[in-house]
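Trainee: Need coordinates for the below:
(one chain, ligands or ions: 1)
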Amino acid sequence: MTDGERGAQDVAASFAERKHENYIDGTWVAPSSGTSIPVVDPGRGAAIGTIAASGVEDVDRAVAAARTNFEAGAWRSLPSARRSEVLWAIGEGIAAAADELVELESLDNGMPVKAARGHVANAVQCFRYFAGLADKIFGHSSQIQSAGRQVLGYTVKEPIGVVGLIVPWNAPLRQTVYKVAPALAAGCSIVLKPAEETSLTALRLAEIVTAAGVPAGTFNVVTGEGEPVGSRLTEHPDVDKVSFTGSTSVGRAIIRAAAGNLKKLTLELGGKSPLVLFDDADLEKAIPHAAMSIFGNAGQVCSAASRLIVHGSIHDEVVQRIAAFGDGLRLGYRTEDVQLGPLISQVQLDRVTGYVDGAVEAGAEIVGGDLPTPDEGFFYRPIVVTGVQPKMTVYREEIFGPVLSALPFDDVDEAVALANDTRYGLAASVFTGDVGRAHSVASRLRAGRVGINVHGITDFTMPGGGYKESGWGRENGPDAVDPYLEVKSVFTLLG
Ligand code: NAD
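Mentor: Model prediction:
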């Protein structure tokens, strides 16, 4: 380990140790309850700090600050070129704090530092991308004939107002910036609720955002449990929009809660994504790719390829080779050489264990998992489950662990039917050497992101989102600012 890396680890550890409060109206504010939630390092299962356990009053205070800020126009009324400069400066701020953020993310979430480095670099680029979009929010105009009059109509796009942003724990900084950057580009005022398991990088982001020139009250962070913090944000009459990434069950609760004031919603929800592997695919490439598409981030990825639908002629060979690949991975999280981190919590470890035990009871078999796990922390071995039936829970429900269910198919129609036999539709992929078949199958897969000989690419320049119960709307891409805008048509008589 270099001196620089050790220094960043120390800075991250001392940030984690703070008794964190909420960030409201440009200052740190103690939660009204006076209580806190422990921050647990999932690699050791040990408490390393605390965050505020906020309540309804804290959310109300943050929403009031955001509303005052919005009405005063402190951020939304700035020239768009200025907002663009500030967004760029946030990216620079993240870049300057990159080493510390990498350590903080790894410490808080358990992801290997290499993965965290990718997420932090992605966050820098994401703010640069949305800095580029902030001053390109255009309307259009139209010359109209109405009841014999000449009319000019034009549209203006206006920020939607106060937005509540709610994120999960599996990719904390990454999921956060995918919402914060377009919301700021649009001119919205924000109340951010990070996941209770992983709030540290969001809290550090508050400092960076402020230092970059975002006015007090534009960006507020309230930490705490989903209920009451998230639920209050989603029912709050003064919040105009909620953008949520998380589970489908909570997404459903949010739809109900948002009905009060008909909040606009963007929902990025769960998945049970298929990877369809034909016998003419390049297995040397496909096998490690399929393995890391489920084992990466310990399977805690919304688009993880958790269902392998593989041609019957290569099923056994592929299962053995993916399991062997998993057995060759190095478990750990804070050093450069590790490939697979822990699960986020004891709760998640118990959940994953329960799913696998249930599958075995239902008649499935486990292949792999023959590697040593660290004595402490919430590590789970990567495994492949075979003998799976489509009706089994392990095949239908999102597990969010390094657990791959494999199922053989005979022909292309059966493969597509199996792939689409899910209530989710977040991601999917097809692996084959036949270009025509690749595109034909891709067109039949019902998912928001489809890979051809690749799985699970996510990038802020490309829209992502779900078909079916995987969500509403799209995040990222050139149109990603639009969900944070209202469109107004203005008319005037000519002559
Ligand atoms: P979760 O739904 O339990 O929690 C997500 C967030 O919602 C957390 O901040 C939580 O505190 C909050 N929350 C909980 N109850 C709430 C309520 N009643 N009202 C409002 N907010 C509430 O999800 P999780 O376990 O943190 O994350 C894993 C899930 O996220 C998986 O289902 C995964 O597929 C999904 N996810 C989806 C995407 C995507 O882009 N579609 C990306 C990452 C994760």
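Trainee: From the structure, what's the count of residues near the residue in the stretch 301-450 of the chain positioned nearest to the ligand?
Mentor: Across the stretch 301-450 of the chain, the shortest distance to the ligand (C-beta to the nearest ligand atom) belongs to Cys302, at 3.1 Å. Just so you know, the C-beta spots here come from the backbone N, C-alpha and C atoms, and that holds for glycine as well. Neighbourhood size, Cys302 [other C-beta atoms under 10 Å]: 27.
Trainee: That one: what's it in contact with?
Mentor: Cys302 is in contact with 170, 245, 268-271, 426-427, counting by C-beta atoms under 8 Å, 6 or more residues apart in numbering.
Trainee: could I get the residues you listed as TSV with secondary structure?
Mentor: Shown next, in TSV, are those (DSSP: H, G, I helix; E, B strand; the rest coil):
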residue	secondary structure
Asn170	coil
Thr245	strand
Glu268	strand
Leu269	coil
Gly270	coil
Gly271	coil
Leu426	coil
Ala427	strand
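Trainee: restrict those residues to contacts with the ligand.
Mentor: Near the ligand, judged by C-beta under 6 Å from any ligand atom, the entries from the contacts of Cys302 are 170, 245, 268-271, 426.
Trainee: most neighbours, which of those residues?
Mentor: Top of the ones next to the ligand among the contacts of Cys302 by neighbour count (other C-beta under 10 Å): Gly271, with 31 neighbours.
Trainee: these two touch, right, that residue and Ala428?
Mentor: No: the criterion here is C-beta atoms under 8 Å, and Gly271 misses it with Ala428 at 9.2 Å.
Trainee: For the stretch 201-350 of the chain, just list every one of the helices.
Mentor: 231-235, 248-258, 283-295, 315-327, 346-361 (DSSP state H, counting those that start in this stretch).
Trainee: hmm, the longest one touching the ligand?
Mentor: No: under the criterion of C-beta under 6 Å from any ligand atom, helix 346-361 makes no contact with the ligand; the nearest approach is 7.9 Å.
Trainee: ok so, going back, identify, out of the helices of the stretch 201-350 of the chain, the most deeply packed stretch.
Mentor: helix 231-235 (a mean of 25; mean count of other C-beta atoms under 10 Å).
Trainee: Ignoring the adjacent residues along the chain, who's closest to the most centrally placed residue in the chain?
Mentor: Centroid-nearest residue in the chain, with C-alpha atoms, centre = their mean: Gln175, separated by 3.7 Å. Leaving aside its chain neighbours, Gln175 sits nearest to Val167 (4.3 Å; criterion: C-beta to C-beta, 6 or more residues apart in numbering).
Trainee: Let me see the backbone angles for that neighbour.
Mentor: Per-residue torsions, Val167: phi -130, psi 160 (degrees, to the nearest 10).
Trainee: That one: neighbouring residues, count only.
Mentor: Val167, neighbours per other C-beta under 10 Å, totals 28.
Trainee: Which other helices and strands does the longest helix belonging to the chain contact?
Mentor: Criterion DSSP state H: the longest helix present in the chain is helix 113-134. With contacts taken as 3 or more C-beta pairs under 8 Å, 6 or more residues apart in numbering; DSSP states H and E, helix 113-134 sits against helix 80-96, helix 98-109, helix 172-186.
Trainee: pLDDT averaged over that helix, what's the number?
Mentor: Taken as a whole, helix 113-134 has an average pLDDT of 98.
Trainee: helices or strands next to the lowest-mean-pLDDT helix or strand in the chain in the packing?
Mentor: Least confident helix or strand, the chain: helix 3-17 with a mean of 89, by mean pLDDT, DSSP states H and E. Helix 3-17 sits against strand 46-52, helix 98-109, helix 200-211, with contacts defined as 3+ C-beta pairs under 8 Å, 6+ apart.
Trainee: Tell me the buried residues in that helix?
Mentor: 5, 8-9, 11-12, 15-16 (16 or more other C-beta atoms under 10 Å).
Trainee: who's in contact with the helix or strand following that helix?
Mentor: Sequence order places strand 22-24 as the next helix or strand after helix 3-17, per DSSP states H and E. Residues from elsewhere that reach strand 22-24 (C-beta under 8 Å, 6+ apart): 28-31, 52, 54, 58, 61-62, 65, 203, 206, 219-223.
Trainee: ok, now with 10 Å
Mentor: 28-32, 51-52, 54, 58-59, 61-66, 191-192, 199, 202-203, 205-207, 209-210, 216-217, 219-224, 229 (C-beta atoms under 10 Å, 6 or more residues apart in numbering).
Trainee: buried stuff in that strand?
Mentor: Quick answer for strand 22-24 (16+ other C-beta under 10 Å): 22-24.
Trainee: next one: phi and psi at Val450?
Mentor: The phi/psi pair for Val450 (degrees, to the nearest 10) is phi -120, psi 130.
Trainee: where does the protein dip in pLDDT?
Mentor: Low-confidence segments of the chain (pLDDT under 70): 1, 3.
Trainee: could I get the ones next to the ligand among the contacts of Cys302 as TSV with distance to Phe400?
Mentor: Shown next, in TSV, are the ones next to the ligand among the contacts of Cys302 (distance: C-beta to C-beta, whole Å):
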residue	distance to Phe400
Asn170	7
Thr245	13
Glu268	15
Leu269	12
Gly270	8
Gly271	10
Leu426	13
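Trainee: Identify the contacts common to Gly271 and Ala428.
Mentor: By C-beta under 10 Å, 6+ apart, the residues touching both Gly271 and Ala428 are 303, 305, 307, 422, 447-449, 456.
Trainee: how many neighbours does Asn109 have?
Mentor: 29.
Trainee: So what's the residue count around the closest residue to it other than its chain neighbours?
Mentor: Spatial nearest neighbour of Asn109, excluding adjacent residues (C-beta to C-beta, 6+ apart): Thr198 at 5.0 Å. Neighbourhood size, Thr198 [other C-beta under 10 Å]: 30.
Trainee: Return the residues in contact with Thr198.
Mentor: Here Thr198 is in contact with 39-40, 42, 51, 104-105, 107-111, 167-173, 175-176, 344-345 (C-beta under 10 Å, 6+ apart).
Trainee: and the longest strand along the chain, which residues are buried?
Mentor: Longest strand in the chain, counting residues (DSSP state E): strand 149-159. Of all the residues in strand 149-159, those buried under the rule 16+ other C-beta under 10 Å are 157, 159.
Trainee: after it, next one along is what?
Mentor: Downstream of strand 149-159 (by DSSP H and E), the next one is strand 162-166.
Trainee: quick one, the least confident helix or strand of the chain and helix 200-211 angle?
Mentor: 100 degrees (axes from the mean of the first three to the mean of the last three C-alpha atoms, to 10 degrees).
Trainee: Show me what from the stretch 351-495 of the chain comes close to the ligand.
Mentor: Checking the stretch 351-495 of the chain against the ligand by C-beta under 6 Å from any ligand atom, the hits are 398, 400, 426, 466, 471.
Trainee: Please produce a markdown table containing those residues, extended by distance to Ser249 and secondary structure.
Mentor: What follows is these, written out as a markdown table (distance: C-beta to C-beta, whole Å; DSSP: H, G, I helix; E, B strand; the rest coil):
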| residue | distance to Ser249 | secondary structure |
| --- | --- | --- |
| Glu398 | 10 | coil |
| Phe400 | 13 | coil |
| Leu426 | 15 | coil |
| Gly466 | 14 | coil |
| Gly471 | 13 | strand |
